[in-house]
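Engineer: Below are the sequence and a predicted model; questions follow.
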Amino acid sequence: MKTMLSYKFRIYPSKTLQQILNEQLELCKWLYNRLLSELNKAKDECRKLKPKDTQALIVKLKREENPELNKVYAKVLQMVNYQLWSNIKALAKLKQNGKKVGKLRYKTGNSFKTLNFNQSGFGIDFENKKLILSKIGSIPIKLHRPVEGKIKGVIVKRERSGRWYAIVQVENNAKQLPPTGKTVGIDVGIRHFLTDSDGRHVENPRFYERTLKSIKILQKNLSRKQKGSKNREKARIRLAKAYEKLANQRNDFLHKLSRFYVDNYDLIMVEDLKITNMVRNHRLAQKILDASWSKFLQMLSYKAERAGRRVVKVSQRGTSQENEEKIKDRDYRAAVNILNRGLSGLGRPLAPVEERPLLLVTAEAVIEGQVSSMKQEAPCESVG
């Protein structure tokens, strides 16, 4: 089965190349806004434009209105048009789902952050570790892991911190993992990031809580700087780097934890959580978002699909109430109930319900790839 994978690598453009990249981002932003303006004008005049119409307009704009667009590789400009129509479709879908949304906004400031080289205009010199981009040049790239498969595209991205990355999109054959014969139920929570039906409590690393103090200091320093000054820009970059580090730590934890379950279980039962509804509880909203349950379940699903595993979602209603007389720990009880609901839905025998010593897995153990390195925790009544 052919699947698409994305690899994210740090790139190190020189100051000259950064100027070229930034100039091209500004040109792409101009094109995005110009095409959006044309769409809004057509709507006001009761005309209907299609993607091919705005695609044809790019050629005219390059020739008659903004020749500077010729500095950007043609395929990158085409992908600006594709991005615009993708955003329009996303808004239309939200409206269909009953969401209240306004008009598509114009890009301002540094909000346009990507150059999309799709199918052509790029190359990677793996021997010399260089990313080669048409109309830009050769950029050093940190290839920290091997790229497996046929490269179909490269997206160059500028982060708010000023760092640059290349997202390499690859098509390859998914590797099916051998069967393990094991199933597991997973209950996510705030007291522990998750508890599974095999008796693991995985610690919630609470990355945001741990870095909140330093982030508040950086935010305060930024607010004190004069708008438009060099010192304010330096303070903004320091804050952006802190948020970027926070996101990298969280993603590393989620990737490794989801990989553990996909590698070790054929069937993974999880709750069908309504995260959007849950964060309306303002007392718990920040803790829920910090835990990143939604992203973890997303990673679990796509990794399971590639590996030939299966993730089954079950109703979350009342999962911690069943079997109360047999299992005291509420989180573990919920995990067992999630497993049995999933098995029941598939017509399979239910797992035995029993009290067992629970095992605590620290966040550090997950990050170091040692989920099996656990210390035993006496069974107790959960309070959260």
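Structural biologist: Yes, it's here.
Engineer: Only C-alpha atoms from now on, for both contacts and neighbour counts.
Structural biologist: Fine.
Engineer: got the residue ranges for the strands in the stretch 51-200 of the chain?
Structural biologist: Counting by DSSP state E, counting those that start in this stretch, the stretch 51-200 of the chain has these strands, from start to end: 114-118, 122-125, 130-133, 137-140, 150-158, 164-173, 183-188, 192-196, 200-203.
Engineer: strands paired with the last one, and their directions?
Structural biologist: For strand 200-203, the pairing partners within the sheet under DSSP bridges are strand 192-196 (antiparallel), strand 358-361 (parallel).
Engineer: so who does Y261 touch?
Structural biologist: With Cα atoms under 8 Å, 6 or more residues apart in numbering as the criterion, the residues that contact Y261 are 268, 300.
Engineer: Enumerate the positions of whichever strand or helix holds it that are buried.
Structural biologist: If you go by DSSP states H and E, Y261 is part of helix 230-264. Burial within helix 230-264, assessed by neighbour count using 16 or more other Cα atoms under 10 Å, is assigned to 232, 235-244, 246, 250-251, 253-264.
Engineer: after that helix, next one along is what?
Structural biologist: Per DSSP H and E, the helix or strand that comes after helix 230-264 is strand 267-271.
Engineer: average model confidence for that following strand?
Structural biologist: The pLDDT scores in strand 267-271 average 94.
Engineer: mind saving the C-alpha coords of it as PDB?
Structural biologist: The C-alpha atoms that make up strand 267-271 are tabulated as PDB, following Å, rounded to 0.1, in the frame of the first residue of the first chain:
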ATOM      1  CA  LEU A 267      -5.900  -3.700  18.400                       C
ATOM      2  CA  ILE A 268      -5.900  -0.400  20.300                       C
ATOM      3  CA  MET A 269      -9.200   0.700  21.800                       C
ATOM      4  CA  VAL A 270      -9.700   4.400  22.600                       C
ATOM      5  CA  GLU A 271     -12.500   6.800  23.700                       C
END
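Engineer: what's it packed up against?
Structural biologist: Based on contacts counted as 3 or more Cα pairs under 8 Å, 6 or more residues apart in numbering; DSSP states H and E, the elements that strand 267-271 packs against are strand 183-188, strand 310-314, helix 330-345.
Engineer: Mind putting the ones you listed into a markdown table with distance to P13?
Structural biologist: Written out in a markdown table, the entries for those read as follows (distance: least, Cα to Cα, whole Å):
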| stretch | distance to P13 |
| --- | --- |
| strand 183-188 | 41 |
| strand 310-314 | 41 |
| helix 330-345 | 48 |
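Engineer: would you list the ones you listed in JSON lines and tack on mean pLDDT, distance to K52 and mean neighbour count?
Structural biologist: Putting the helices and strands packed on strand 267-271 into JSON lines (pLDDT from 0 to 100; distance: least, Cα to Cα, whole Å; neighbours: other Cα atoms under 10 Å) gives the following:
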{"stretch": "strand 183-188", "mean pLDDT": "93", "distance to K52": "46", "mean neighbour count": "24"}
{"stretch": "strand 310-314", "mean pLDDT": "93", "distance to K52": "39", "mean neighbour count": "20"}
{"stretch": "helix 330-345", "mean pLDDT": "90", "distance to K52": "46", "mean neighbour count": "25"}
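Engineer: Which among those is found nearest to N81?
Structural biologist: The closest of these to N81 is strand 310-314. By Cα to Cα, the value is 35.5 Å.
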